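Trainee: Quick one: sequence plus predicted model below, questions after.
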Amino acid sequence: MAFLNACELKKNGVSKKMNIQVNLEEIDNNLTGFIRGEIDAHTAPVLREKLEAYQNQDGLKAVLDLSDVDYMDSTGLGVFVAFYKSVNAKGGHVKLKGLSSRLKRLFDITGLGEIMDIESAGKGGN
Amino acid sequence: MVQKIENQYKEILNQYMQRQSEQNLYVGQNFSRQLISENISPEEVISVHKAAMQEIYGELPEFVWHSFDFLIEMMINYGLALQERQSLLQRQEELRVEMDLAANVQETLLKTPMPALAGLDIGLLSIPARKMNGDYIYFISDSEGHAGIAVADVIGKGLPAALCMSMVKFGMDSLNNSPADPKEVLGVINRVVEKSIDDSMFVSMFYGKYDSNDSTLTYGSAGHEPAILYRAKSNSFEELYAKGLLLGVSPAASYEQHTVQLEKDDLVIMMTDGVTEGRTDEGFIEREVIFELIDQKKDEPAQRIVQFVYDELERMQNAELRDDFTLVIYKKV
């Protein structure tokens, strides 16, 4: 299943491209996700809505690949924290993989790297 | 009034029918602006047009008059849309006034007296990206030479962030303990925040306790951008990193704290990610850029350094701040 979201936002008369691509696929309670683009205040609601569809399943095992995420701010972190909390409460597990050094730093500084299962790009391999 | 408009319209139309010049059209354009400002609806304009045609030409085939009646009917919903737009503009204005009031309330609510401590020069600047500020600075001090500072950043911007911020303020107020250790302060505020916010909200916070008796700074962090220590002696920058989870994520979170001894002309630079997450057309503004800016002004008073860093970063981003910006500098003098 592929979802593409690219819309033009008009702000202050300047056209800004908002781009995020979220691919989610679930088989037998295993959710595999691939996220591409920028996760900020404009695009985070798109990601949140997609993830919310799965977060209340019992014992969900989710693996989300962020290797093509160029930028993420605290709003993006908020989406992953909310998803992590819901899935954990239902006895499931969330893993984030392919984190760039910039994203890895964000998770480390915020302490989320300690409680969430994260993996940097280049580690683990296939 | 209506009579006057009808006469003016008839005159302008008549001129146009005779010459059809650009000048006549221009007069018409200006007149239509006047009609809009006087709230004349589109269907009324067509009625005026029809009446003017009758006066100028008298007899015209019946179908011409019928067509105007039909056009009037077609325009009625456009008139309603126009009215709706006007009432939206009015409501927008009401909201703007309300936001201004709320921003004033926030400013009063979050006011914090800057401590005056021997041997410490403090500079600070906090600029919201929108009306309401999601960044927050809180000072607490006593007469024994202790001063605490909290620099906090709520996820998101605007009104929701501002409401969440009041919670941090009341938490700090009720703690009311200036010699308190950072790990203790962060633990208490974490439990206050955790109880009251939803799953996708959180707050990051740096807490530093300065003791002017021995010039030490003890600090802890709840998922906040690390503060930076500039050492005058070695002319070098280092991060003041302390492990700790964002506030509001887990009630069980515990916090580290570390202590550094400040020497003359050392700087402690505390900030929110609005300072470090700046972006220009070429990409991100790296931390080294901020170090360089501070290096240029390190011999000046703390407030001058803070203002210079803000001015330069704002200039690099074409005066467009994406996030709330807060920068505090402690200078040991």
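Mentor: Arrived safely.
Trainee: In the stretch 1-150 of chain B, what residue comes closest to chain A?
Mentor: In the stretch 1-150 of chain B, no residue comes nearer to chain A than B:Gly134, which is 9.6 Å away by CB to the nearest CB. The way it works is simple: take the backbone N, C-alpha and C, and place the C-beta from them, glycine included.
Trainee: does that residue really touch B:Asp273, like I thought?
Mentor: No. Judged on CB atoms under 8 Å, B:Gly134 makes no contact with B:Asp273 at a distance of 10.7 Å.
Trainee: Please name the residues that touch the closest residue in space to the residue of the stretch 1-150 of chain B closest to chain A that isn't next to it in sequence.
Mentor: Nearest non-adjacent residue to B:Gly134, counting by CB to CB, 6 or more residues apart in numbering or on different chains: B:Ala161, 3.1 Å away. For B:Ala161, the contacting residues are B:Met132, B:Asn133, B:Gly134, B:Val154, B:Ile155, B:Asp324, by CB atoms under 8 Å, 6 or more residues apart in numbering or on different chains.
Trainee: Present these as JSON lines; the columns should include distance to A:Thr32, secondary structure and pLDDT.
Mentor: Output for the contacts of B:Ala161, formatted as JSON lines (distance: CB to CB, whole Å; DSSP: H, G, I helix; E, B strand; the rest coil; pLDDT from 0 to 100):
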{"residue": "B:Met132", "distance to A:Thr32": "39", "secondary structure": "coil", "pLDDT": "77"}
{"residue": "B:Asn133", "distance to A:Thr32": "40", "secondary structure": "coil", "pLDDT": "80"}
{"residue": "B:Gly134", "distance to A:Thr32": "34", "secondary structure": "coil", "pLDDT": "82"}
{"residue": "B:Val154", "distance to A:Thr32": "33", "secondary structure": "strand", "pLDDT": "87"}
{"residue": "B:Ile155", "distance to A:Thr32": "27", "secondary structure": "coil", "pLDDT": "81"}
{"residue": "B:Asp324", "distance to A:Thr32": "36", "secondary structure": "coil", "pLDDT": "82"}
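Trainee: how many other residues sit next to the residue of the stretch 1-150 of chain B closest to chain A?
Mentor: 28 (other CB atoms under 10 Å in any protein chain shown).
Trainee: List the contacts of it.
Mentor: Per CB under 8 Å, 6+ apart, neighbours of B:Gly134: B:Pro128, B:Asp153, B:Val154, B:Ile155, B:Gly156, B:Lys157, B:Gly158, B:Ala161, B:Ala162, B:Cys164, B:Met165, B:Asp324.
Trainee: Over to B:Lys195?
Mentor: Counted by CB under 8 Å, 6+ apart, B:Lys195 has contacts B:Pro251.
Trainee: separation between it and chain A?
Mentor: 14 Å (CB to the nearest CB, to the nearest Å).
Trainee: For my notes, confirm that residue occurs in a helix.
Mentor: Yes. Counting by DSSP: H, G, I helix; E, B strand; the rest coil, B:Lys195 falls inside a helix.
Trainee: what about it, distance to B:Gly248?
Mentor: 9 Å (CB to CB, to the nearest Å).
Trainee: for B:Val168, same thing?
Mentor: If you measure B:Val168 against B:Gly248 using CB to CB, the figure is 10 Å.
Trainee: Spell out which residues of chain A are next to chain B.
Mentor: A:41, A:48, A:73-75, A:77-79, A:81-82, A:85-86, A:102, A:109-112, A:114-115 (CB under 8 Å from any CB of the partner chain).
Trainee: Show me just the buried residues among those.
Mentor: A:41, A:48, A:73-75, A:77-79, A:81-82, A:85-86, A:109-112, A:115 (16 or more other CB atoms under 10 Å in any protein chain shown).
Trainee: quick one: the longest helix along chain A to chain centroid distance?
Mentor: Criterion DSSP state H: the longest helix present in chain A is helix A:74-89. Taking CA atoms, centre = their mean, to the nearest Å, the mean C-alpha location of helix A:74-89 is offset from the chain mean by 9 Å.
Trainee: Other residues contacting it?
Mentor: So helix A:74-89 is contacted by A:39-41, A:43-44, A:47-48, A:51-52, A:55-56, A:60, A:62, A:93-94, A:96, A:106-107, A:110, A:112, A:116, B:153, B:155-156, B:198-202, B:204, B:246, B:249, B:273 (CB under 8 Å, 6+ apart).
Trainee: So which of the residues you listed belong to strands?
Mentor: A:Ile39, A:Ala62, A:His93, A:Val94, A:Leu96, B:Asp153, B:Ser204 (DSSP state E).
Trainee: Would you check that the first one makes contact with A:Asp68?
Mentor: No. In terms of CB under 8 Å, A:Ile39 does not count as a neighbour of A:Asp68; the distance is 11.1 Å.
Trainee: neighbour count winner among these two?
Mentor: A side-by-side neighbour count of A:Ile39 and A:Asp68, using other CB under 10 Å, places A:Ile39 first with 27 against 13.
Trainee: excluding its backbone neighbours, what's nearest that one?
Mentor: A:Gly76 (3.3 Å).
Trainee: Next one: the one you found from A:Ile20, what distance?
Mentor: 10 Å.
Trainee: Identify the contacts common to the two.
Mentor: Overlap of the contact sets of A:Gly76 and A:Ile20 (by CB under 8 Å, 6+ apart) consists of A:Ile39, A:Thr43, A:Leu47.
Trainee: and which of those is nearest B:Asp295?
Mentor: Nearest to B:Asp295 among the shared contacts of A:Gly76 and A:Ile20: A:Ile39, at 33.0 Å, using CB to CB.
Trainee: Tell me which stretches of the chain form helices.
Mentor: No chain was given, so I picked chain A. Under DSSP H, chain A gives helices at A:44-52, A:74-89, A:101-109, A:112-115.
Trainee: um, chain B though
Mentor: Counting by DSSP H, the helices of chain B are B:2-19, B:22-37, B:42-57, B:62-109, B:158-175, B:182-196, B:273-276, B:287-297, B:302-316.
Trainee: Now do the third one: which elements does it pack against?
Mentor: Spelled out, it's helix B:42-57. If you count contacts as 3 or more CB pairs under 8 Å, 6 or more residues apart in numbering or on different chains; DSSP states H and E, helix B:42-57 packs onto helix B:2-19, helix B:62-109.
Trainee: From the rest of the structure, what touches that helix?
Mentor: Helix B:42-57 is contacted from outside by B:5-6, B:9-10, B:13-14, B:17, B:32, B:35, B:40, B:60, B:64-65, B:68-69, B:71-73, B:75-76, B:78-79, B:82, using CB under 8 Å, 6+ apart.
Trainee: List every C-alpha atom in it, with coordinates, as PDB.
Mentor: The C-alpha trace of helix B:42-57 is given here as PDB (Å, rounded to 0.1, in the frame of the first residue of the first chain):
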ATOM      1  CA  PRO B  42     -23.300  42.100  -6.900                       C
ATOM      2  CA  GLU B  43     -27.000  41.800  -7.600                       C
ATOM      3  CA  GLU B  44     -27.600  45.400  -6.700                       C
ATOM      4  CA  VAL B  45     -24.900  46.500  -9.100                       C
ATOM      5  CA  ILE B  46     -26.700  44.600 -11.900                       C
ATOM      6  CA  SER B  47     -30.000  46.300 -10.900                       C
ATOM      7  CA  VAL B  48     -28.300  49.600 -11.100                       C
ATOM      8  CA  HIS B  49     -26.900  48.700 -14.500                       C
ATOM      9  CA  LYS B  50     -30.300  47.700 -15.700                       C
ATOM     10  CA  ALA B  51     -31.900  50.900 -14.500                       C
ATOM     11  CA  ALA B  52     -29.100  53.000 -16.100                       C
ATOM     12  CA  MET B  53     -29.600  51.100 -19.500                       C
ATOM     13  CA  GLN B  54     -33.300  51.900 -19.300                       C
ATOM     14  CA  GLU B  55     -32.600  55.600 -18.700                       C
ATOM     15  CA  ILE B  56     -30.000  55.900 -21.400                       C
ATOM     16  CA  TYR B  57     -31.600  53.800 -24.100                       C
END
